[in-house]
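J.: Here you go, sequence then predicted model.
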Amino acid sequence: MVFTFGGNGFFGYGSAGPVEANKMMWWSTYQSQTVPNRKTLDVAAVKKQLQDRHRSWKDPVIQDIIKTVDFDSILPTWVTPSLPHWGEKGLVLIGDSCHALPPTSGQGASQALEDSQTFSLALAHYLSRCYESGEGTERDAVEAATKVFFDVRQPRVQEIAAAAKRMEGNKKDMGFVVEMIMYGFIWLMSKYPWIMKMMAGDVNARLHSWKAEEVVEKAIAKRDSASVTTAGEGAHVE
């Protein structure tokens, strides 16, 4: 895939299938004050706007795309506001249903898969307690697993969403000075990757090092410890 940032938007393109299929996907992101309406959408006007916005961009592939492409709609980007919980009374949300991330994050499907694995591990643990030790009911197991799931996943997803939001700022319209600073920063990060690691840590390592078994085990142990402490505080001698 190729990603190109500019002073008045962002353009991306890449292969959309096997080489023999000869298909390409592309997208152009730009700032807008209004949400597009499909019923009143003027496709010709949108195409002209696309061409005007990227006319001076140097990439020949982008120029070929904007000159020859046809489309019938444009799509706004939606995100999910932060929710106080991700489930109750047996209903559990995972993936985009509880934390739709900006496309900029590149993590929508990945975080949904991590959600699935994490909740499954927590649920398996509490159901095992229910069936093997008679500890609580199935409903109790689901409730406990849901709380553990939220406690360990919500901070991670919020961190990814915040990083994506910061990056999205580079896709909005910007003045000449800010645009030049952005180019300089991108060049610097490409030339000296260690600077990025020094400033923000190893982003790829954080994204790819999720250990569901480990975090679930720690969260359950913490929850058990809190339960024991609470029970102990409530005890008294007459």
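T.: Ah, there it is. Numbering: from 1, shown residues only.

J.: Other residues contacting stretch 129-142?
T.: Surrounding stretch 129-142, the residues in contact under the criterion C-beta atoms under 8 Å, 6 or more residues apart in numbering are 90, 92, 123, 126-127, 144. Every C-beta, even on glycine, is put in place using the N, C-alpha and C of the backbone.

J.: try it again with 6 Å
T.: Surrounding stretch 129-142, the residues in contact under the criterion C-beta atoms under 6 Å, 6 or more residues apart in numbering are 90, 126-127.

J.: Need the residue closest to the centroid of the chain.
T.: Of all residues in the chain, the one closest to the mean position by C-alpha atoms, centre = their mean is residue 101, 3.5 Å from it.

J.: So it: helix, strand or coil?
T.: Put simply, residue 101 is coil when judged by DSSP: H, G, I helix; E, B strand; the rest coil.

J.: need the contact list for it.
T.: By C-beta under 6 Å, 6+ apart, the neighbours of residue 101 are 107-108, 161.

J.: could you measure it against residue 163, distance?
T.: Counting by C-beta to C-beta, to the nearest Å, the separation of residue 101 from residue 163 is 10 Å.

J.: give me the low-pLDDT residue ranges for the protein?
T.: Per-residue confidence of the chain (counting by pLDDT under 70) places the weak regions at 169-172, 196, 199-205, 228-238.

J.: show me the biggest helix of it in terms of residues.
T.: helix 138-168 (DSSP state H).

J.: Could you give me the buried positions within that one?
T.: If you call a residue buried by 16 or more other C-beta atoms under 10 Å, then helix 138-168 has these buried ones: 141-154, 156-157, 160-161, 163-164, 168.

J.: in which helix or strand would I find residue 223?
T.: When elements are defined using DSSP states H and E, residue 223 is found to belong to helix 212-234.

J.: can you check residue 3 too?
T.: Residue 3 is part of strand 2-6 when elements are defined by DSSP H and E.

J.: What is the burial count for residue 53?
T.: Neighbouring residues of residue 53 were enumerated by other C-beta atoms under 10 Å; the total is 17.

J.: ok so it is a helix residue?
T.: Yes - when the secondary structure is assigned by three-state DSSP, residue 53 falls within a helix.

J.: Now for it: which residues touch it?
T.: The contact partners of residue 53, by C-beta under 6 Å, 6+ apart, come to 8-9.

J.: For residue 8, see how far away it is.
T.: Distance, residue 53 to residue 8, by C-beta to C-beta: 6 Å.

J.: again with residue 47
T.: Distance, residue 47 to residue 8, using C-beta to C-beta: 16 Å.

J.: cool, and residue 28?
T.: According to C-beta to C-beta, residue 28 and residue 8 sit 10 Å apart.

J.: repeat for residue 147
T.: In this structure, residue 147 lies at 45 Å from residue 8, with C-beta to C-beta as the measure.

J.: And for residue 56?
T.: Here residue 56 is placed at a distance of 9 Å from residue 8 (C-beta to C-beta).

J.: Of these two, which one has the most company?
T.: In this view residue 56 and residue 8 are compared by other C-beta under 10 Å, and residue 8 has more residues nearby, 16 against 10.
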